[in-house]
Every structure is written in C-alpha cells, then in structure tokens.
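> Task: produce atomic coordinates for the following.
(3 chains)
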Amino acid sequence: MKPDGFAGTLLAWYRQARRKLPWRQTSDPYAILVSEFMLQQTRVSVVEPYFRRFLKRFPDAASLAAATDAELLAHWAGLGYYSRARNLRQAAEAIAASGFPRSSEALRRLPGVGEYTAAAVASIAFGEPVPAVDGNVLRVMARVTNDAGEIAVPATRKRLAAEAAVRLDASHAGDFNQALMELGATICLPRNPQCLLCPVLGHCEARACGTQDSLPVKASRSTAIRQEVSLVVVKRGTDLLLRQRDRDAGRLAGFWELPSPGDLPGNPALRPLGTFRHAITRYQYTVTVSSAVLRTTPAGWAWVSAGALPDLPITTMTRKALALAHSPLC
DNA sequence: AATGCGGGGAC
DNA sequence: GTCCCAGCATT
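Numbering: from 1, shown residues only, chains lettered A, B, ... in the order given. As a prediction, the model looks like this:
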C-alpha cells in the first residue's frame, strides 16, 4: 500500500484524528455487533450512553439471550427502531448456541444484519477485507469520484461501493472502513464539507471540479404529514392508567402507552394540560395532553405505579406527555 | 422501487 | 421548518 495513496493517507489521518469511542476500546465481536446495531441510522453521540449501559447489563451474548422482553426494551427505549433490539437478541441467541459468525457471509444470516453491518463487524472484529458502505461512505465516495448519480438508486450505490472496494487497504480493512466513516462524520459533512481540513483533498474529484457542495444527489423528499393526537393522563393516587401494546404489534410492540379519549368509558370530563409537538420521520404530531378522573378501570388497561416507570419501555412521545402532566400544574 | 420504522441534533 | 444519521426488512 503506497503511503501517499488514498488509503495510506486516509489511514495516517485516522490514526491521529479518530475519536475515542467506547466500541473502539474493545476487540470483543459481541460488543462490536451491539454497537453496529445501535448505530444503524442513529448518531454516534446518541448511541454512546446507550451502549455503555447496555453492555454493563448484557456483557455477553448469553446474558442478552436470557433477557426478558421488558428489560431489553427498557434498555433500548429512546433509541428508536425497536425491532433492532429484538433482532439483536435473536442474534445473541444464535451466537450463544452456535458461536460467533466469523465471516461477513455468515454474519449476514443473523436477523437484523444487512450488507453494511455484516461488513462492518467482519472487517472491524476479524479484519475481513470487505468495504462497509454506510451513508457516510456513500457521500464520501460520491464526492471523491464526482459521481452525480442519485444516491438512493441501487446502481449508484453499487458503483460507489465498488469505488470504495478498489481503494480498500486489505490489510487494514477495519481501520480503513472506520476511517471513511469518520471522515464523513467529521470532515466530509452533508452540508458545508470542511474541504480545507480534508486529508484526501488531493484525491477528490468533486473538490477539483467545485461540485462537492451539490453531491451526493438526492431525490426530493415528500412533504411532512401533520396529525393531531390526544393523550389522557389518568391518575389514581400515585398510579397511572397505561396499556402495554401487543408483543407482536408491528409498531412499538411491547411499549406502554397512554389512553386516548376514545379509550375511556363514560365520556369523562377532560381537563387540558397543554400541548407539544413530536416528529417521527415524515409525521409531525401535535399532541394534546389532558387529565381525567375515572371511577372504573377500562378493559385491557392497567394501573401502573409511577415509581415503576423508569424500568418500563416508554416511548419518547409518552415520556413527553407524562412530563407535561407532572409539571407544576398537577 | 417504495415504504415503514424513532428519535434527535444541526442548521 | 428541513435534513439526515455507522440500515434493515418487507412488499
């Protein structure tokens, strides 16, 4: 590998610029797998505390395989994309039973492990020379090769992945992949790339052409969908009226949720407490929170002690609603 | 090829 | 407000 080629220059930069992240302090494949699951569509800064807490509680595949559903979700609550947690536990069950898969091909068979995650774990944990192509790498390679193809199109992604593969330093695959991602996360940013700080500035065709700010090309996005949601906080002493969603409900399965007015029998009086906004992907919710007093317990609903809430899987929207209800008003 | 899936941070 | 993040599974 030529030290002044693309990979050599990138690796030299990475070795002095790399952030000290918790999953970079270990060579345990299980820990690396956990980090990659959490990092799917989730920023490094968000994952860090979750990762530490999760590994403290589930230090190995066997302990995770034995976790209860509630405790698993409680440790994931707030991270989003909760099917990741279930897939990760299923993967842990397979690992506890049959050992850790040592190739990207074998990793790919684990639930929740796609092309990227398989390549990332195989290269970082085992040095397998495969490119790990995430959003960062697509952006970096689109600029380095001045590729004006639309980033969501499979043909474009294949082309950019091939460009990454050509530049891969096979004897340092893990560091090379992490270096490309690190570059995308800290220098080659989606907006306002810091080209003057870039170690591979001289290898970048977009920079040479002045097109770096308009790459990668992305399809126009559909507009936001606005919806109104009403939630009711019903108290009985220090207990709250909650319901746990079905374990096999596709969406937010196993999470505890607050009732809506339609869930309450007898059309009780609602006392408005306030509103807040909550956005998930393309949906923007205006959430109205009220309180109500109830004499009976609706079928399917339960009284949960407020003190038990921290240990239960609760979505961020529910958390916000409860926080509003526990403001000085109540 | 399109869509669902959470949430948050940067601008 | 919009964008986009160390994506994956399903249709």
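
> Where does chain A get nearest to DNA strand B, which residue?
Nearest to DNA strand B, among the residues of chain A, is A:Gly80, at 2.3 Å (CB to the nearest atom of the strand). Yep, even glycine has a C-beta here, placed from its N, CA and C like the rest.

> Counting neighbours, what do you get for that residue?
15 (other CB atoms under 10 Å).

> Got the phi and psi for it?
phi 90, psi 170 (degrees, to the nearest 10).

> you'd agree A:Gly19 is in a strand?
Not Gly; residue A:19 is Arg. No: if the criterion is DSSP: H, G, I helix; E, B strand; the rest coil, then A:Arg19 is coil and not within a strand.

> number of nearby residues for it?
A:Arg19 has 12 neighbouring residues, counting by other CB under 10 Å.

> hang on, isn't it packed against A:Leu183?
No: between A:Arg19 and A:Leu183 there is no contact under CB atoms under 8 Å: 11.9 Å.

> on that earlier part again, what's the distance between the closest residue to the residue of chain A closest to DNA strand B other than its chain neighbours and DNA strand C?
Setting aside the residues directly before and after it, A:Gly80 is nearest to A:Thr42 in space (CB to CB, 6 or more residues apart in numbering), at 6.8 Å. As judged by CB to the nearest atom of the strand, to the nearest Å, A:Thr42 and DNA strand C stand 6 Å apart.

> same question, A:Trp301
Separation of A:Trp301 from DNA strand C (CB to the nearest atom of the strand) stands at 30 Å.

> Per-residue pLDDT of that residue, please?
Looking at A:Trp301, its pLDDT reads 93.

> Tell me the secondary structure at the nearest residue to it once chain neighbours are set aside.
Leaving aside its sequence neighbours, A:Trp301 sits nearest to A:Arg243 (CB to CB, 6+ apart; 4.9 Å). At A:Arg243 the chain is in strand, as set by three-state DSSP.

> Test my guess that A:Arg243 contacts A:Trp303.
No: A:Arg243 is not in contact with A:Trp303 according to CB under 8 Å; the separation is 10.8 Å.

> where do the contact lists of those two overlap?
Common neighbours of A:Arg243 and A:Trp303, using CB atoms under 8 Å, 6 or more residues apart in numbering, do not exist here.

> shaky segments in the stretch 51-200 of chain A?
Regions of the stretch 51-200 of chain A meeting the criterion pLDDT under 70 are absent.

> before we move on, back to that, distance check, the residue of chain A closest to DNA strand B against A:Gly135.
A:Gly80 is 16 Å from A:Gly135, where distance means CB to CB, to the nearest Å.

> Leaving out sequence neighbours, find the closest residue to the closest residue to DNA strand C within the stretch 51-200 of chain A.
Nearest residue of the stretch 51-200 of chain A to DNA strand C (CB to the nearest atom of the strand) works out as A:Gly114 at 2.4 Å. In this structure, A:Gly114 finds its nearest non-sequential neighbour in A:Arg108, 7.4 Å apart by CB to CB, 6+ apart.

> Now the residue nearest to A:Pro298 when sequence neighbours are not counted: phi and psi?
Spatially, and ignoring its direct neighbours in sequence, A:Pro298 is nearest to A:Pro265 (5.4 Å; CB to CB, 6+ apart). With angles defined as degrees, to the nearest 10, A:Pro265 sits at phi -80, psi 150.

> residues in contact with A:Pro265?
A:Pro265 neighbours (CB under 8 Å, 6+ apart): A:Leu294, A:Thr296, A:Pro298.

> Most neighbours among these, which one is it?
A:Leu294 (18 neighbours).

> Doesn't it belong to a strand?
No: going by three-state DSSP, the assignment for A:Leu294 is coil, not a strand.

> got the residue ranges for the helices in chain A?
For chain A, applying DSSP state H gives helices covering A:6-17, A:29-39, A:44-57, A:61-65, A:69-76, A:83-98, A:104-107, A:115-126, A:135-144, A:154-167, A:173-186, A:205-209, A:316-325.

> anything in the longest one near DNA strand C?
When you say that, I think you mean helix A:83-98. Yes: residues of helix A:83-98 contacting DNA strand C under CB under 7 Å from any atom of the strand: A:Asn87.

> got the CA positions of that helix in CSV?
Once non-C-alpha atoms are left out, helix A:83-98 reads as follows in CSV (Å, rounded to 0.1, in the frame of the first residue of the first chain):
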residue,chain,number,x,y,z
SER,A,83,-37.1,-4.1,16.0
ARG,A,84,-33.3,-3.7,16.2
ALA,A,85,-33.4,-4.7,19.9
ARG,A,86,-35.5,-7.8,19.1
ASN,A,87,-33.3,-8.8,16.2
LEU,A,88,-30.2,-8.3,18.3
ARG,A,89,-31.5,-10.6,21.0
GLN,A,90,-32.3,-13.2,18.4
ALA,A,91,-28.8,-12.8,17.0
ALA,A,92,-27.5,-13.3,20.6
GLU,A,93,-29.5,-16.5,20.9
ALA,A,94,-27.9,-17.8,17.8
ILE,A,95,-24.5,-16.8,18.9
ALA,A,96,-24.9,-18.3,22.4
ALA,A,97,-26.0,-21.5,20.8
SER,A,98,-23.6,-21.8,17.8
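
> can you count the residues close to A:Val113?
24.
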